[in-house]
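*Asks:* sequence unknown, structure follows:
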């Protein structure tokens, strides 16, 4: 469970930082909003792990899968590794790790 907690914290921070950088560089409010929402959902997932691990893991897994789809679509559209490709790989990794943790919980 500790691995899932650390994963969700790091994932949330990276989503938030990525959203802020996307807004700062490209003046993209969508990047900022996406980063804020993704990091908020990761934070709620982290918090839920303390009271009900299956709900926390489920929300975190759902968030990572949804963002994998979003970043997969963006990568296919732009063919640019940064940031869509990198976040696609990150989101798939988080989804795999949380999915494995979910099965063990």
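*Replies:* Received it, and whenever you're ready, just let me know what you need. Predicted, not measured: the structure shown is a model, and the values here were computed from it.
*Asks:* what sits against residue 58?
*Replies:* residue 102 (C-beta atoms under 8 Å, 6 or more residues apart in numbering). In this view, the C-beta of every residue, glycine as well, is placed from N, C-alpha and C.
*Asks:* That one sits in which helix or strand?
*Replies:* Using DSSP states H and E, residue 58 falls within helix 53-78.
*Asks:* Now do that helix, average pLDDT.
*Replies:* Computed over helix 53-78, the mean pLDDT rounds to 96.
*Asks:* chain center to it, what's the gap?
*Replies:* Distance of helix 53-78 from the chain centroid (C-alpha atoms, centre = their mean, to the nearest Å) equals 6 Å.
*Asks:* Tell me the first helix or strand C-terminal of that helix.
*Replies:* On the C-terminal side of helix 53-78, the closest following helix or strand by DSSP H and E is helix 86-104.
*Asks:* how much space is there between the spatially most central residue of the chain and residue 29?
*Replies:* Note on the chain: the residue nearest the mean C-alpha position is residue 64, at 4.7 Å, using C-alpha atoms, centre = their mean. Distance from residue 64 to residue 29, counting by C-beta to C-beta, to the nearest Å: 23 Å.
*Asks:* and the angle for the strand or helix carrying residue 24 with helix 53-78?
*Replies:* Using DSSP H and E, residue 24 maps to helix 2-26. For helix 2-26 against helix 53-78, the angle by axes from the mean of the first three to the mean of the last three C-alpha atoms, to 10 degrees is 30 degrees.
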